[in-house]
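Novice: okay, here's the prediction I keep looking at, along with the sequence it came from:
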Amino acid sequence: VQLVESGGGLVQAGGSLRLSCAASGRTSSTLSMGWFRQAPGKEREYVAAISWTGGSTYYTDSVKGRFTISKDIAQNTVYLQMNSLRPEDTAVYYCAASPGGATIQKLRYDYWGQGTQVTVSS
């Protein structure tokens, strides 16, 4: 399974960005997907996850009400719509895929993208 993220960039605080993650491979359509982020000097942290059907979504507390994860099953693409961005959202954002259910645990994800930089200026 290959994952390719896109959509990162530089935005002012309060602005919006939409990240995309295109998945390819034999079983990519049946994988649960997650978004993680890693800021300089910090560990990679969970942001959001979605079940393989797209019917269940989960968010870390700091992004609830601001970020929305969604999935286009036909296109094998996962999105992360990020609104009301804050400087503390600055990080490299990674897409990940899990053969199990949607989870916040990094170790449960077998496949990772290369990451896309999101920078929020104050």
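Specialist: Ah, there it is. These figures come from a predicted structure and were not determined experimentally. Residues are numbered from 1 along each chain as shown.

Novice: can we go C-alpha only for contacts and neighbour counts from here?
Specialist: Noted.

Novice: separation between the spatially most central residue of the chain and Ala13?
Specialist: Of all residues in the chain, the one closest to the mean position by Cα atoms, centre = their mean is Trp35, 2.4 Å from it. The gap separating Trp35 from Ala13 is 20 Å, by Cα to Cα, to the nearest Å.

Novice: now Thr77
Specialist: Distance from Thr77 to Ala13, by Cα to Cα: 26 Å.

Novice: between these two, which one's more packed in?
Specialist: Ranked by neighbour count (other Cα atoms under 10 Å), Thr77 and Ala13 place Thr77 first, with 20 against 17.

Novice: tell me, how many residues neighbour the nearest residue to that one once chain neighbours are set aside?
Specialist: In space, and not counting its chain neighbours, Thr77 is closest to Ala22: 4.5 Å by Cα to Cα, 6 or more residues apart in numbering. Using other Cα under 10 Å, Ala22 has 18 neighbouring residues.

Novice: now swap in Glu43 and tell me
Specialist: Glu43: 9 surrounding residues under other Cα under 10 Å.

Novice: where does it land in three-state SS?
Specialist: coil (DSSP: H, G, I helix; E, B strand; the rest coil).

Novice: check contacts around Ile50.
Specialist: Neighbour list for Ile50: 32-34, 56-58, 69-71, 102 [criterion: Cα atoms under 8 Å, 6 or more residues apart in numbering].

Novice: so which of those residues is surrounded by the most neighbours?
Specialist: Scoring the contacts of Ile50 on neighbours with other Cα under 10 Å, the highest-scoring entry is Met33 at 34 neighbours.
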